[in-house]
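Task: produce atomic coordinates for the following.
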Amino acid sequence: MEAWNSTLGSSFILVGILNDSRFPELLCATMTVLYTLSLTSNGLLLLLITMDVKLHVPMYLLLRQLSLIDLLLTSVIAPKAITDFLRGDNTISFGGCALQMLLELMLGAAEDLLLPFMAYDRYVAICHPLNYTTFMSPKVLLFMVMTTWIVASLSAIVYTSYTMHYPFCKSRLVKHLFCEIPPLLKLACAETSRFELMFFVMGVMFLIPPLATVLVSYTLILFTVFCMPSNEGRKKALLTCSSHLAVVGMYFGPGTFVYALPISFHNPKQDNILSFFYTIVTPALNPLIYSLRNKEVMGALRRVLGRYILPSHSST
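As a prediction, this is how the structure comes out:
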């Protein structure tokens, strides 16, 4: 294995899931379809929530933030992986690697923080409907959004800076779909045990408390729902909560294995599969889960189509 010294002018070689797959062409086609689906579905949801006034309520304004995060997260990973595979060149510059890590950490942490806020919103709406406008006022909503982005950004800056300050001299091969902390630390030719502990603590802090908040919120919601006298109200509440829990499970499940386990427990092949799931698959499925059986979103789609598209067709 050839030794090298990392500088701002050097580069890494990403050896990810597309390189390890027995059917790389099929996997690349799948990734392309999922990325296209993520772009269109998240973009459409962003457009609907922005353009339809009836969706300007906390639940959908938070959902708009989730769609924005998913759209950006998958765009940080998928286009480069697809183009690299098609060109047969998997290199990424030192600066490009740092930028990709920064954005992935920031967007991943933002989703970690946003999902419990969304769960709290549903808890207040179902368990304390009379106080909803107080507990979810515009100021509270702004606080949630600002906290999500500021805390996620600061955390990403600190951990990316600390990771990239190490000298990398063992190999240029990053055995991962994208630049992430665990595979890069394995290339460092310096003592990283203290930082590995910091990374583990960060993973636990960004995953376990938010996940616990989500589970407590939905447990309280379920108790309230089962006491509802109206079958229609109970059905609507369960439908909304089930879609939220599906999203939480798809994101926190793989994320827990990647970020809340010590680096010594990490397996490159397993990490590649899990990272593919929460950066490519989950962002494509989230808007479908939230909107397919959501009458308000489908109603907004009909209103927007009727207002902006159908009149232009009828005039021609």
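
pLDDT of stretch 259-272, averaged?
Mean pLDDT, stretch 259-272: 74.

how deep is Arg194 tucked in, by neighbour count?
When neighbours are defined as other C-beta atoms under 10 Å, Arg194 has 8 of them. From N, CA and C alone the C-beta is placed, and that goes for glycine too.

can you confirm Ser171 is in a helix?
No - when DSSP: H, G, I helix; E, B strand; the rest coil is applied, Ser171 is found to be coil, with no helix at that position.

distance of it from Phe12?
Between Ser171 and Phe12 the computed distance is 9 Å (C-beta to C-beta, to the nearest Å).

what do you get for Gln100?
When distance is defined by C-beta to C-beta, Gln100 is 10 Å away from Phe12.

swap in Ala152?
24 Å.

if we can go back for a sec, comparing Ser171 and Phe12, which residue is more hemmed in?
With neighbours defined as other C-beta under 10 Å, Ser171 and Phe12 compare such that Phe12 has more, 24 against 17.

tell me the contacts of the residue lying closest to the more buried one once chain neighbours are set aside?
Counting by C-beta to C-beta, 6 or more residues apart in numbering, Val174 is the residue found nearest to Phe12 once chain neighbours are left out, at 4.9 Å. The contact partners of Val174, taken as C-beta atoms under 8 Å, 6 or more residues apart in numbering, are 12-15, 92, 97, 183-184, 187.

and what of His266?
With contact set as C-beta under 8 Å, 6+ apart, His266 has these partners: 182-183, 258.

in this structure, which spans are strands?
Residue ranges of the strands in the chain, as given by DSSP state E, are 11-14, 91-93, 173-174.

Now render those as JSON lines, adding mean pLDDT and distance to Ile126.
Compiled in JSON lines, the strands of the chain are given as follows (pLDDT from 0 to 100; distance: least, C-beta to C-beta, whole Å):
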{"stretch": "strand 11-14", "mean pLDDT": "88", "distance to Ile126": "44"}
{"stretch": "strand 91-93", "mean pLDDT": "91", "distance to Ile126": "46"}
{"stretch": "strand 173-174", "mean pLDDT": "88", "distance to Ile126": "45"}
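
Looking at the ones you listed, which is nearest to Pro210?
For those, the distance to Pro210 is smallest for strand 173-174, at 27.9 Å, taking C-beta to C-beta.

Okay, now the sheet partners of that closest one, with direction.
Partner strands and pairing direction for strand 173-174 (DSSP bridges) are strand 11-14 (parallel).

got the CA coordinates for the partner strand in PDB?
What follows is the C-alpha trace of strand 11-14 in PDB, where atoms were taken according to Å, rounded to 0.1, in the frame of the first residue of the first chain:
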ATOM      1  CA  SER A  11      -7.000  13.800  -3.600                       C
ATOM      2  CA  PHE A  12      -8.800  10.700  -2.400                       C
ATOM      3  CA  ILE A  13     -10.300   7.800  -4.300                       C
ATOM      4  CA  LEU A  14     -13.900   6.800  -3.300                       C
END
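
what does it contact?
For strand 11-14, the external contacting residues (C-beta under 8 Å, 6+ apart) are 81, 84, 90-94, 96-97, 168, 172-174, 176-179, 184.

Now do the buried residues in that strand.
When burial is assessed from 16 or more other C-beta atoms under 10 Å, strand 11-14 yields the following buried residues: 11-12, 14.

Can you name the residues that contact Ile92?
Applying C-beta under 8 Å, 6+ apart to Ile92 gives the contacts 11-14, 80, 100, 174, 179.

May I have the distance across stretch 81-92, first residue to last?
Looking at stretch 81-92, the gap from its leading to its trailing residue is 11 Å under the measure C-alpha to C-alpha, to the nearest Å.

where does this structure have low pLDDT?
Flagging of the chain using pLDDT under 70 yields the residue ranges 1-9, 170, 233, 236, 240, 263-264, 292-293, 308-316.

mind listing the helices for it?
In the chain, the helices defined using DSSP state H lie at 17-20, 24-51, 58-87, 94-127, 132-135, 138-164, 181-185, 193-226, 231-259, 268-276, 282-291, 295-304, 310-315.

quick check: angle from the fourth one to helix 282-291?
Think helix 94-127. For helix 94-127 against helix 282-291, the angle by axes from the mean of the first three to the mean of the last three C-alpha atoms, to 10 degrees is 20 degrees.

list the helices and strands helix 94-127 packs on?
Where contact means 3 or more C-beta pairs under 8 Å, 6 or more residues apart in numbering; DSSP states H and E, helix 94-127 is packed against strand 11-14, helix 58-87, helix 132-135, helix 138-164, helix 181-185, helix 193-226, helix 231-259.

what does stretch 288-303 rub up against?
With C-beta under 8 Å, 6+ apart as the contact definition, stretch 288-303 has outside contacts at 41, 44-45, 48-49, 51-52, 54-55, 60, 63, 239-240, 243, 246-247.

Could you do stretch 203-221 as well?
Contacts of stretch 203-221 from elsewhere in the structure, counted by C-beta under 8 Å, 6+ apart, are 109, 112-113, 115-116, 119-120, 122-123, 126-127, 155, 237, 241, 244-245, 248, 252, 255-256, 258-261.
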